[in-house]
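Novice: how does the following fold in three dimensions:
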Amino acid sequence: MNYSACLDLLYFRQPMDVFLNGMQVAKDAGMDGIEFWSWWDKDIDAIAAQKNALGLEISTFLTKPVSLGEPGKREEFLEELEKSIAVAKRLGCPSLIAQAGYVQPFLSQSTFKRNMLETLLAAAPILENAGITLVVEPLNTKVDHGGYFLSTSEDSFGLIERVGSPNIKVLFDIYHQQITEGNVLNNIRDHLGYIGHMHAAANPGRGEITGGELDYRSIFAALDAMGYHGWMGLEYRPTKDVSEGLVEARKLFA
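Specialist: Coordinates of the predicted model:
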């Protein structure tokens, strides 16, 4: 696997100079790359220059948060996707993160699901032509994201299977899925071909991966044995110095 540090959570709401320094911290700690959430509020040229200077990769970042399932949002989602693809190409970034959106009181689950499917089907040829993968992220609704529409493995992988595009996959966040349903390694093993990116954080608390109930050393070894060769993003809230936490995490990598 390749490992990336999610700087927008490690340095939450910090200015651009802190972000750029965070790239140096990630490099010094032995990370292969970095990732982040929003691109539209950042200096992309500065990130590109720092990336090249350090020899880091940009593993992924978010598209603008336009709901996949809400009626009337499809064209907006596709327009924003095109903008995000252009930024991804500038940064040499292979994937983008999309989120389903939140339950709408006036909308049935079946309609929301159908809208998601049709939006992703419309996005598929755009992504395939660009050579970029879109990863759709299920989130836990029990602790962090009440009302979010997509949370379970069954719904997430079922959706991606119906889309049927090699450029649309699932972002499997181990922290979120541990809260939602557990059985993490079996769910990954059963759907490995549909996973395009992964995230890690401790549970409970979403802190450093060296704490909590999840044995990440064993999880990472199991993923290597399964043949997962994609990115593992360290997306956690630091409880200590960022550099110290990343260095400690690096010791868990196979």
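
Novice: if I look at Glu35, how far off is Leu214?
Specialist: 20 Å (C-beta to C-beta, to the nearest Å). Any C-beta I mention is one placed from the backbone N, CA and C, and that applies to glycine too.

Novice: ok, the two, which is more surrounded?
Specialist: Neighbour comparison, Glu35 and Leu214: the larger count goes to Glu35, with 27 against 18 (by other C-beta atoms under 10 Å).

Novice: so what's the more buried one bridging to?
Specialist: For Glu35, the residues forming beta bridges with it (DSSP bridges) are Cys6.

Novice: residues contacting it?
Specialist: Ser4, Ala5, Cys6, Leu7, Ile58, Ser59, Thr60, Phe61, Trp231, Gly233, Glu235 (C-beta atoms under 8 Å, 6 or more residues apart in numbering).

Novice: one more pass at 10 Å, please.
Specialist: 4-9, 26, 57-62, 93, 95, 97, 197, 199, 231, 233-235 (C-beta atoms under 10 Å, 6 or more residues apart in numbering).

Novice: cool, and Phe149?
Specialist: Phe149 sits next to 67-70, 99-104, 107, 109, 112-113, 116, 138-139, 141, 155 when contact means C-beta under 10 Å, 6+ apart.

Novice: against Ser95, how distant is it?
Specialist: 21 Å.

Novice: list the buried ones in the longest helix belonging to the chain?
Specialist: Longest helix in the chain by number of residues, with DSSP state H as the criterion: helix 109-130. Residues of helix 109-130 classed as buried: Phe112, Lys113, Asn115, Met116, Leu117, Thr119, Leu120, Ala123, Ala124, Leu127, Ala130 (neighbour count, 16 or more other C-beta atoms under 10 Å).

Novice: stretch 63-82 too?
Specialist: Under 16+ other C-beta under 10 Å, the buried positions of stretch 63-82 are Thr63, Val66, Ser67, Leu68, Gly69, Glu70, Lys73, Arg74, Phe77, Glu80, Leu81.

Novice: what's the average pLDDT for the helix or strand the last one falls within?
Specialist: Which is Leu81. In this structure, Leu81 sits in helix 74-91 according to DSSP states H and E. Averaged over helix 74-91, pLDDT sits at 98.

Novice: try stretch 139-151
Specialist: Per-residue scores along stretch 139-151 average to 97.

Novice: can I get it in CSV, CA atoms only?
Specialist: C-alpha atoms of stretch 139-151 as CSV (Å, rounded to 0.1, in the frame of the first residue of the first chain):
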residue,chain,number,x,y,z
LEU,A,139,-20.0,7.6,6.4
ASN,A,140,-21.2,6.4,9.8
THR,A,141,-24.5,7.9,11.0
LYS,A,142,-24.2,6.7,14.6
VAL,A,143,-21.5,9.1,15.8
ASP,A,144,-20.4,11.7,13.3
HIS,A,145,-22.8,12.1,10.4
GLY,A,146,-26.4,11.7,11.4
GLY,A,147,-28.8,11.9,8.4
TYR,A,148,-26.1,11.0,5.9
PHE,A,149,-27.7,8.8,3.2
LEU,A,150,-25.0,6.2,2.5
SER,A,151,-23.5,4.2,5.4
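
Novice: buried set for that stretch?
Specialist: Residues of stretch 139-151 classed as buried under the neighbour-count rule (16+ other C-beta under 10 Å) are Leu139, Asn140, Thr141, His145, Tyr148, Phe149, Leu150, Ser151.

Novice: ok now that stretch, how far from the chain's centre?
Specialist: Computed by C-alpha atoms, centre = their mean, to the nearest Å, the separation of stretch 139-151 from the middle of its chain amounts to 15 Å.

Novice: same question, stretch 108-127
Specialist: Averaging C-alpha coordinates over stretch 108-127 and over its chain gives two centres that are 19 Å apart (C-alpha atoms, centre = their mean).

Novice: ditto for stretch 66-74
Specialist: Average the C-alpha atoms of stretch 66-74, do the same for its chain, and the two points are 20 Å apart (C-alpha atoms, centre = their mean).
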